[in-house]
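Engineer: below is the sequence, then the predicted model.
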Amino acid sequence: MPLFDVHAHLTHPKLDVQIDAVLSNARRAGLSTIVCNGLNPEDNQAVADLAAAHPDLVKPAFGLYPVDAVMPELLASGVDYPRTSSAYTPTESVQWVREHVDDAFAVGEIGLDGYWVPEPLWERQESLFRSLVQIAIDADKAIIIHTRKRERRAFEVLEEMGAQKVDWHCFGGRVKLARRIATELGHYLSIPANARRSQSFTRMLETLPRDRVLLETDCPYLGPVAGETNEPATVSGTAAYAASIWGISLEEAIEQLESNFFELFGVRP
């Protein structure tokens, strides 16, 4: 039975330089689908190229990282952000997604970030986020959400807009809100490969409805071992961990996860 990774950054320099080995490792681990998420137009194009080269395994998600959505203003304000600005303006970046959404497997990652982004820029960030959500809804594409320190507001926006096909990646808010996301909105939450060493992600596996759980890596980040470069193959360990928490066999857990993947994305992994 197949496994999947719904949130990966295969175009990151740590993985891009060894991409053939990374994909081989994923196949050996039983993965049939890796959803590769873009951060801005340049990264989205790299994601598209990678997916075109490996269509049997890599599926492209086109997005605009919440910090990139206000990057020019952020850098002008003096925030020491560890990544450079895109050559595109934020408005052009949204337009890029609009023009290419039919070629996307999903729209993401997109969302709201209050960790790096100061409050004076929140309104602008939310405006662009709403535009991207509407693009996904109009195209009937699943949405992959990034939130940091603004989880409740993202909940409110998605509820107001009626977004239904949504996965919240690496949810960092309260577990109580995660349960509301799953039960009230019917959205999915994807659990990363560091779940065994995270009390919060372990608690989510224990308490979220099983039919609203997906798996991810956010590679090269959030690996099973702190400090090591993560890659999609580690999803297999998370699946085994979920099975042990749920008190069922690995085969039963994978069957449940496969069903969840199909319900969100409309295709078998």
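Structural biologist: Cool, the structure landed.

Engineer: where do the strands sit along the stretch 101-250 of the chain?
Structural biologist: Counting by DSSP state E, counting those that start in this stretch, residue ranges of the strands within the stretch 101-250 of the chain are 106-113, 142-148, 166-169, 188-191, 213-215.

Engineer: relative to the third one, what are the paired strands and their orientations?
Structural biologist: Meaning strand 166-169. Strand partners for strand 166-169, identified by DSSP bridges, are recorded as strand 142-148 (parallel), strand 188-191 (parallel).

Engineer: then the shortest one?
Structural biologist: Strands that pair with strand 213-215, judged by DSSP bridges, come out as strand 188-191 (parallel).

Engineer: can you list contacts of the partner strand?
Structural biologist: Residues outside strand 188-191 that contact it (C-beta atoms under 8 Å, 6 or more residues apart in numbering) are 6-7, 166-171, 178, 181-182, 201, 204-205, 208, 212-216, 238, 242, 260, 264. In this view, the C-beta of every residue, glycine as well, is placed from N, C-alpha and C.

Engineer: what do you get for stretch 65-79?
Structural biologist: Residues outside stretch 65-79 that contact it (C-beta under 8 Å, 6+ apart): 39-40, 81, 83, 85-86, 89-90, 93, 109-113, 116-118, 121, 124-125, 128-129, 146-148.

Engineer: distance between the ends of that stretch?
Structural biologist: In stretch 65-79, first residue to last residue: 16 Å (C-alpha to C-alpha, to the nearest Å).

Engineer: buried residues in it, which are they?
Structural biologist: Within stretch 65-79, the residues that count as buried by 16 or more other C-beta atoms under 10 Å are 65-71, 73-74.

Engineer: and the helices in the stretch 51-200 of the chain?
Structural biologist: If you assign secondary structure with DSSP state H, counting those that start in this stretch, the helices in the stretch 51-200 of the chain sit at 71-76, 90-100, 122-139, 151-161, 175-183, 199-207.

Engineer: export those helices to CSV and tack on distance to residue 231 and mean pLDDT?
Structural biologist: Formatted as CSV, the entries for the helices of the stretch 51-200 of the chain read as follows, by distance: least, C-beta to C-beta, whole Å; pLDDT from 0 to 100:
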stretch, distance to residue 231, mean pLDDT
helix 71-76, 27, 92
helix 90-100, 26, 97
helix 122-139, 27, 98
helix 151-161, 27, 98
helix 175-183, 25, 98
helix 199-207, 18, 98
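
Engineer: mind checking those for the one nearest to residue 252?
Structural biologist: Between residue 252 and the helices of the stretch 51-200 of the chain, the shortest gap by C-beta to C-beta is with helix 199-207, which sits at 14.4 Å.

Engineer: helices or strands next to the closest one in the packing?
Structural biologist: Other helices and strands packing on helix 199-207, by 3 or more C-beta pairs under 8 Å, 6 or more residues apart in numbering; DSSP states H and E, are helix 175-183, strand 188-191, helix 235-246.

Engineer: that older thread, make a markdown table out of the strands of the stretch 101-250 of the chain and add distance to residue 35.
Structural biologist: As requested, the strands of the stretch 101-250 of the chain are arranged in a markdown table below (distance: least, C-beta to C-beta, whole Å):
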| stretch | distance to residue 35 |
| --- | --- |
| strand 106-113 | 6 |
| strand 142-148 | 7 |
| strand 166-169 | 9 |
| strand 188-191 | 9 |
| strand 213-215 | 10 |
